[in-house]
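Undergrad: Quick one: sequence plus predicted model below, questions after.
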Amino acid sequence: QKDFFIPKYVGTLREKVSAKIDRLLDDVEAASKASGGNPVDFVKLFSEQLPLYTLCEMLGVDEADRPKIVRWMHYLEMAQQVTAAPWATFKSDPLFLPRYVKNVKEMFAYGERVMADRRANPRDDLLTVIAQAQLEGKLLPQEYLDGSWLLIIFAGNDTTRNSLSGTLRLLTQFPEQKQRLLDEPALITPMLQEALRLVSPVIHMRRTAIEDTQIGQQKIAKDEKVVFWFGAANRDPEIFTDPDTFDITRTNAAKHFAFGHGPHKCLGSRIANMQLRLAYEKILDRFPDIHWTGQQTLAPSNFVHGISSLDIKLR
């Protein structure tokens, strides 16, 4: 059985991702020309496209179904806003909630249909691995299947998308670091770890203490909720000298917690790093003058650092 997260598979996926990046950059250039050199949205044209393509390739989502995945991911990203402020959402768009419910129902119906198909007609894809997985000799119930495929596509999409956008923003905010990259492209690999540290695409995670403990001077009782703020850890001045500065030669940048840590480290970190590295190798080679205009839209979320739009110019 193929392992979809080991280096060998990442290598086979790399060629497809590389070709997709070239096509997306063609689209970015075409949009820029069509606008007469005015700003275009990097998120819409590139950041939200690449990770969804990669994840759909891994999962084995049919081409005809991929536009639905894009739409469903949009509604899933809005879930926190709907939960936190349902009346405000209703007032701003009275038809949003019915559309939200309709799309979520369609998404779960799709998952049920696809999982049933992969059990009856297995393919060489990740959806089949999930559908055929067993626990104590029994196939997983549908709610476990839904949780598995949706977690992979949601987590892998949102974080990589915002890392792509956030990295371009940093390169504009620290032009001397960008110039170093242009002069020495080999620095792209360490640069990406420093960018992940500063962007911190996942803002927090929460856990429940299973026993009384103490961290530093803080006592934590059994069953208390503990929130981990990744941005705070990634800018800890005791670990990172001058933590708010983007330094692409920082020697310990890889100590960041953007992918989690230990047994909870992101399963798809190799996939994410491969996409980020290829993207910035090609972006900087093709558009060395690319820059953020200063205009962006941030998603109303305290869970992910969601960059909903990022205006850029190529020249």
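TA: On my side now, so go ahead.
Undergrad: so where do the strands sit in the stretch 1-150 of the chain?
TA: Counting by DSSP state E, counting those that start in this stretch, the stretch 1-150 of the chain has these strands, from start to end: 40-41, 134-135, 138-139.
Undergrad: Of all the helices and strands in this protein, which has the lowest average confidence?
TA: For the chain, scoring each helix and strand by mean pLDDT, DSSP states H and E identifies helix 79-84 as the least confident one, at a mean of 73.
Undergrad: before we move on, the earlier item: quickly compare the strands of the stretch 1-150 of the chain and say which is most buried.
TA: Comparing the strands of the stretch 1-150 of the chain by mean neighbour count (mean count of other C-beta atoms under 10 Å), strand 40-41 ranks first with a mean of 22. Bear in mind the C-beta positions are built from the backbone N, C-alpha and C, glycine included.
Undergrad: Which strands or helices does that strand pack on?
TA: For strand 40-41, the packing partners by 3 or more C-beta pairs under 8 Å, 6 or more residues apart in numbering; DSSP states H and E come out as helix 7-34, strand 307-313.
Undergrad: Asp212 contacts Asp223, correct?
TA: No: using C-beta atoms under 8 Å, Asp212 is not in contact with Asp223; the gap is 9.6 Å.
Undergrad: Go ahead and confirm Ala221 touches Thr208.
TA: No: under the criterion of C-beta under 8 Å, Ala221 lies out of contact with Thr208, with a separation of 10.8 Å.
Undergrad: overlap in contacts of those two?
TA: None of the residues lies in contact with both Ala221 and Thr208 under the rule C-beta atoms under 8 Å, 6 or more residues apart in numbering.
Undergrad: returning to that earlier point: any chance of the helices and strands packed on strand 40-41 in JSON lines, plus distance to Val129 and mean neighbour count?
TA: Supplementary listing: the helices and strands packed on strand 40-41 in JSON lines, determined by distance: least, C-beta to C-beta, whole Å; neighbours: other C-beta atoms under 10 Å:
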{"stretch": "helix 7-34", "distance to Val129": "12", "mean neighbour count": "14"}
{"stretch": "strand 307-313", "distance to Val129": "31", "mean neighbour count": "21"}
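Undergrad: Let's have those in JSON lines, adding distance to Gly231.
TA: Output for the helices and strands packed on strand 40-41, formatted as JSON lines (distance: least, C-beta to C-beta, whole Å):
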{"stretch": "helix 7-34", "distance to Gly231": "27"}
{"stretch": "strand 307-313", "distance to Gly231": "14"}
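Undergrad: okay, those in TSV with distance to Lys255 and mean pLDDT next?
TA: Shown next, in TSV, are the helices and strands packed on strand 40-41 (distance: least, C-beta to C-beta, whole Å; pLDDT from 0 to 100):
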stretch	distance to Lys255	mean pLDDT
helix 7-34	22	94
strand 307-313	24	96
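Undergrad: so which of the ones you listed gets nearest Phe108?
TA: strand 307-313 (24.7 Å; C-beta to C-beta).
Undergrad: which helices and strands sit right next to the closest one?
TA: Identification of packing neighbours for strand 307-313 by 3+ C-beta pairs under 8 Å, 6+ apart yields strand 40-41, helix 42, helix 142-173, strand 291-298.
Undergrad: Quick check: which of these has the most neighbours on average?
TA: Sorting these by mean neighbours (by mean count of other C-beta under 10 Å), the first place falls to helix 42, with a mean of 25.
Undergrad: Touching it from outside, list them.
TA: For helix 42, using C-beta under 8 Å, 6+ apart, the contacting residues are 28, 165, 168, 292, 310-312.
Undergrad: Return the set of residues that bridge with Arg207.
TA: Counting by DSSP bridges, Arg207 forms beta bridges with Val226.
Undergrad: what are the C-alpha coordinates of the strand or helix carrying Glu194, in CSV please?
TA: Using DSSP states H and E, Glu194 falls within helix 188-199. Coordinates of the C-alpha atoms in helix 188-199 are reproduced here as CSV (Å, rounded to 0.1, in the frame of the first residue of the first chain):
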residue,chain,number,x,y,z
ILE,A,188,15.2,29.8,-0.7
THR,A,189,15.1,26.6,1.3
PRO,A,190,16.1,28.3,4.7
MET,A,191,14.0,31.4,3.8
LEU,A,192,10.9,29.2,3.7
GLN,A,193,11.4,28.1,7.3
GLU,A,194,11.9,31.7,8.4
ALA,A,195,8.7,32.7,6.5
LEU,A,196,6.7,29.9,8.2
ARG,A,197,8.0,31.1,11.5
LEU,A,198,6.8,34.7,11.0
VAL,A,199,3.6,34.0,9.1
